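Student: below: sequence and its predicted model.
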Amino acid sequence: MSGYVGILVSDPWLQNQFTQVELRSLKSHFVSMKRESGKLTVGDLPAKMSRLKVVGSDNFTDQDRASFIQDLHPNLDEDVDFEFFLRVYLQLQARATATTGSGGKNNSSSAFLKAATTTLLHTISESEKASYVAHINNYLGQDDFLKRYLPIDPSTNDLFEIVKDGVLLCKLINVAVPGTIDERAINTKRILNPWERNENHTLCLNSAKAVGCTVVNIGTQDFIEGRRHLVLGVISQIIKIQLLADLNLKKTPQLVELVDDSKDVEELMSLPPEKILLRWMNFQLKKAGYKKIVTNFSSDVKDAEAYAHLLNVLAPEHSKPSALDAKNPLERAKLVLEHADRMGCKRYLTSKDIVEGSPNLNLAFVAHIFQHRNGLSTQTKQISFLDNLEDDTQISREERAFRFWMNSLGNSSYINNVFEDLRNGWALLESLDKISPGIVNWKIANKPPIKMPFRKVENCNQVVKIGKQLKFSLVNIAGNDIVQGNKKLILAYLWQLMRYNILQLLKNLRFHSHGKEIADADILEWANTKVSSTGSQSCMKSFKDKSLSDGLFFLELLSSVQPRVVNWSLVTKGVTDEEKKMNATYIISIARKLGCSIFLLPEDITEVNQKMILTLTASIMYWFLKQPIEDRPSGISDSEGSSIVSSSTTDDSASESSMEENGNL
């Protein structure tokens with residue numbers, strides 16, 4: 001039930017003061033405080049709340065807190081419930097904010113939301129909203145469930161009402177990356193109750209992370225309340241992923257025409273899609289005799305000259321009247337869009353958006369042109385470069401999983417390719433500091449951009465040193481191996497980092513205060529105990545047990561921790577490869593719907609990838625043990641495996657980082 005804490009707060013005013021992430025974190029603290037002494041009174045609050053961010057500020061002493069709380073609530077013996085706790089928190093927060101001079105409520109509460117991202121919108125652009133609505137109407141207009149609500153009128157706020165049940169966003173993710181969400185897991189009744197609606201948004205957020213969206217600081221309540229800038233921020237990322245999906249050599253091998261030799265091909269493969277799109281655009285502009293280099297989708301295209309040249313070289317048959325003859329940028333932009341229409345390219349922007357340099361809409365416009373007509377030719381000599389490149393499916397899948405996991409931590413920079421973007425060591429140091437706060441010596445770290453190679457080695461040497469401190473297996477590995485982009489060594493390090501994160505999160509849930517180190521065997525034992533408690537004979541012998549390929553064990557495990565989450569009428573026998581894949585996609589979607597943040601693919605289950613099977617099992621275990629006992633479904637106790645993990649810390653540091661708030665495993 002803690003995933004639905006907003007429902008436990010009956011006062012609408014209180015609900016509006018917090019995001020879902022904040023409520024989940026505060027609920028966890030509140031339950032832990034009550035467990036320490038069996039009850040919580042007003043007199044207990046000053047000392048216990050000193051451990052929380054903002055209200056535990058050094059500028060706000062214990063004596064200040066005690067005096068302030070007593071002035072407001074003189075009866076120190078009064079029992080504290082969760083809503084009372086939230087009111088006191090807000091009162092202390094306002095006082096602490098005034099003391100530190102940090103500004104209003106929005107600033108102070110943002111201490112929970114530490115990692116702001118550049119990919120999220122903070123203001124509403126009506127042009128962007130209209131563009132995204134047109135995209136949604138086009139791609140989802142015929143969906144059996146959504147067609148009763150579509151088309152959406154872009155001049156209204158209907159979009160923000162329709163997203164409140166979570167279905168549209170889940171469907172949009174599947175348009176962007178087909179097969180991400182098993183639609184059997186989406187709740188699609190005409191009227192959803194609060195639990196079903198929350199499940200849809202939880203499924204959406206965890207799936208968005210799994211396809212590369214940055215959703216740090218966004219909770220299910222933000223969608224339920226229709227917070228417009230957050231909704232548009234997520235939609236813009238999903239659409240961007242869809243539009244840029246073909247900008248890689250696997251999908252569009254003709255892109256090798258942009259380079260001269262195999263070394264350049266490797267460099268091209270490491271570029272983010274936006275950079276490849278810019279390189280393609282400049283490649284075509286060079287053909288057209290355009291002298292300038294386009295470096296962005298904003299100021300460099302505002303005069304529409306680059307667009308006029310681009311469309312002339314891609315579709316000269318549609319170039320009348322020529323946009324190049326226009327006398328001013330707005331007129332030129334209008335002619336460019338008319339040219340695009342004649343090519344059959346749907347618009348993502350207006351002429352005004354071009355001259356104003358809207359980066360998101362210009363990017364969408366160019367990406368759509370690329371999808372429709374890229375002007376590249378397949379040349380056998382150049383395509384042969386690809387034959388010499390390593391094409392290891394397993395390496396590719398693991399790189400993807402680790403990349404999206406690291407991006408979900410809320411680091412300052414977005415990782416597009418772990419083999420390239422980790423070579424200076426900085427992103428690894430940031431991730432280490434997120435997972436084990438304080439472990440990085442930032443005084444000797446070198447922040448990008450780093451020009452001198454030895455500075456990169458220094459960063460990576462510290463990465464290796466910390467890895468050894470955390471007892472990673474790093475025999476014969478040096479910092480220079482990371483700088484050189486050694487794929488297998490980088491993947492080995494990232495796996496150990498992810499596994500360490502999993503085990504630490506489990507260890508920090510101290511239900512019985514033994515402080516025992518968690519091992520893989522403990523996770524295995526817990527899973528088998530949970531499944532056997534339902535009367536099932538299923539058993540997982542190890543995380544590489546080939547019998548797991550049918551998915552039935554994990555469906556039973558999920559059902560054991562939340563009986564209503566699995567619809568057994570949708571489960572196959574898992575005999576054929578197709579049946580196994582259907583079960584695997586269903587497992588991943590219902591685990592995400594439950595609240596598990598996981599980054600594996602269906603193939604990882606059907607092929608029994610030992611590493612990913614461990615992360616799946618540990619994620620389910622972490623979700624279950626994180627639930628307050630009183631909020632668990634009836635009949636579900638903590639007796640099974642209770643000796644493994646002990647009481648949730650109330651120290652708002654390592655165990656309450658952005659990773660834990662988002663349940664990232």
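Tutor: Looks like it arrived, so ask away.
Student: mean confidence score for the host helix or strand of Gln93?
Tutor: Here Gln93 sits within helix 82-100, counting by DSSP states H and E. With pLDDT averaged residue by residue, helix 82-100 scores 70.
Student: which residue is nearest the centroid of the protein?
Tutor: With distances taken as C-alpha atoms, centre = their mean, Lys209 lies nearest the centre of the chain, 2.5 Å away.
Student: list phi and psi for that one.
Tutor: phi -60, psi -40 (degrees, to the nearest 10).
Student: which residue is the nearest non-sequential neighbour of it?
Tutor: Closest residue in space to Lys209, ignoring its immediate chain neighbours: Ser408 at 4.8 Å, by C-beta to C-beta, 6 or more residues apart in numbering. In short, each C-beta sits where N, CA and C put it, glycine included.
Student: now for the nearest residue to Ser298 once chain neighbours are set aside: which residues touch it?
Tutor: Sequence neighbours aside, Gly357 is the residue nearest to Ser298 in space, at 3.9 Å (criterion: C-beta to C-beta, 6+ apart). Contact analysis of Gly357 by C-beta atoms under 8 Å, 6 or more residues apart in numbering lists 298-299, 301-302.
Student: in TSV, list those residues along with pLDDT and neighbour count.
Tutor: Listed next are the contacts of Gly357 as TSV, based on pLDDT from 0 to 100; neighbours: other C-beta atoms under 10 Å:
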residue	pLDDT	neighbour count
Ser298	91	14
Ser299	91	11
Val301	93	25
Lys302	93	16
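Student: distance to His318 and secondary structure added to those, as a markdown table?
Tutor: Output for the contacts of Gly357, formatted as a markdown table (distance: C-beta to C-beta, whole Å; DSSP: H, G, I helix; E, B strand; the rest coil):
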| residue | distance to His318 | secondary structure |
| --- | --- | --- |
| Ser298 | 26 | coil |
| Ser299 | 27 | helix |
| Val301 | 19 | helix |
| Lys302 | 23 | coil |
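Student: which among those gets closest to Leu594?
Tutor: Each of the contacts of Gly357 was checked against Leu594 using C-beta to C-beta; the closest is Ser298, at 40.8 Å.
Student: can I assume the closest one is in contact with Leu361?
Tutor: No - contact criterion C-beta atoms under 8 Å: Ser298 and Leu361 do not qualify, at 10.0 Å.
Student: and the strands in the protein?
Tutor: Taking DSSP state E, the strands of the chain run over residues 509-510, 647-648.
Student: worst mean pLDDT among the ones you listed?
Tutor: Least confidently modelled of these is strand 647-648, at a mean of 32 by mean pLDDT.
Student: so what's Thr295 up against?
Tutor: Leu278.
Student: and for Lys287?
Tutor: Val313.
Student: quick one, grab the pLDDT at it.
Tutor: Looking at Lys287, its pLDDT is 91.
Student: just for this structure, where's the confidence low?
Tutor: Where the chain drops to pLDDT under 70, the residues are 1-21, 37, 51, 53-62, 71-72, 94-123, 261-263, 378-392, 510-515, 630-665.
Student: domain assignment for it?
Tutor: 12-99, 126-244, 253-372, 391-509, 520-628 (the TED database).
Student: for the residue nearest to Ser298, give its distance to Ser127.
Tutor: The spacing between Gly357 and Ser127, counted by C-beta to C-beta, to the nearest Å, is 12 Å.
Student: what's the answer for Thr572, then?
Tutor: Remark: distance between Thr572 and Ser127 (C-beta to C-beta) = 46 Å.
Student: got it, and Gly438?
Tutor: As defined by C-beta to C-beta, Gly438 lies at a distance of 44 Å from Ser127.
Student: how about Ser538?
Tutor: 54 Å.
Student: one more: Lys456?
Tutor: The gap separating Lys456 from Ser127 is 41 Å, by C-beta to C-beta.
Student: okay, the two: which has more neighbours?
Tutor: Lys456 (21 against 18; other C-beta atoms under 10 Å).
Student: what residues does the more buried one make contact with?
Tutor: Contacts for Lys456 (C-beta under 8 Å, 6+ apart) come out as 423-425, 446, 450, 483.
Student: again, only this time at 10 Å
Tutor: By C-beta atoms under 10 Å, 6 or more residues apart in numbering, the contact list for Lys456 reads 423-426, 446, 448, 450, 479-480, 482-483.
Student: farthest-separated two in those residues?
Tutor: Pro448 and Asn480 (17.7 Å).
Student: pull the longest helix from the protein.
Tutor: Using DSSP state H, we find that the single longest helix of the chain is helix 487-507.
Student: quick one: buried residues of it?
Tutor: For helix 487-507, the neighbour count (16 or more other C-beta atoms under 10 Å) marks 489-507 as buried.
Student: what packs against it?
Tutor: Contacting helix 487-507 under the criterion 3 or more C-beta pairs under 10 Å, 6 or more residues apart in numbering; DSSP states H and E are the following elements: helix 393-408, helix 418-421, helix 426-435, helix 453-469, helix 479-483, helix 520-532, helix 610-626, helix 658-661.
Student: next, the angle helix 453-469 makes with that helix.
Tutor: For helix 487-507 against helix 453-469, the angle between stretch directions is 40 degrees (axes from the mean of the first three to the mean of the last three C-alpha atoms, to 10 degrees).
Student: helix 487-507 vs helix 520-532, what angle?
Tutor: 60 degrees.
Student: surely Leu524 is in contact with Ser542?
Tutor: Yes - contact status for Leu524 versus Ser542: in contact at 7.0 Å, counting by C-beta atoms under 10 Å.
Student: okay, the two: which has more neighbours?
Tutor: Legend: neighbour count by other C-beta under 10 Å for Leu524 and Ser542, higher for Leu524 (20 against 14).
Student: quote the end-to-end distance of stretch 349-358.
Tutor: Counting by C-alpha to C-alpha, to the nearest Å, you get 9 Å between the two ends of stretch 349-358.
Student: for it, buried residues please.
Tutor: Within stretch 349-358, the residues that count as buried by 16+ other C-beta under 10 Å are 349-351, 353-358.
Student: and what of stretch 468-484?
Tutor: By 16+ other C-beta under 10 Å, the buried positions in stretch 468-484 come out as 470, 472, 474, 477, 479, 481-483.
Student: any chance of the residues you listed in JSON lines, plus distance to Asn461?
Tutor: Conversion of these to JSON lines gives the following (distance: C-beta to C-beta, whole Å):
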{"residue": "Leu470", "distance to Asn461": "15"}
{"residue": "Phe472", "distance to Asn461": "14"}
{"residue": "Leu474", "distance to Asn461": "12"}
{"residue": "Ile477", "distance to Asn461": "11"}
{"residue": "Gly479", "distance to Asn461": "4"}
{"residue": "Asp481", "distance to Asn461": "11"}
{"residue": "Ile482", "distance to Asn461": "9"}
{"residue": "Val483", "distance to Asn461": "9"}
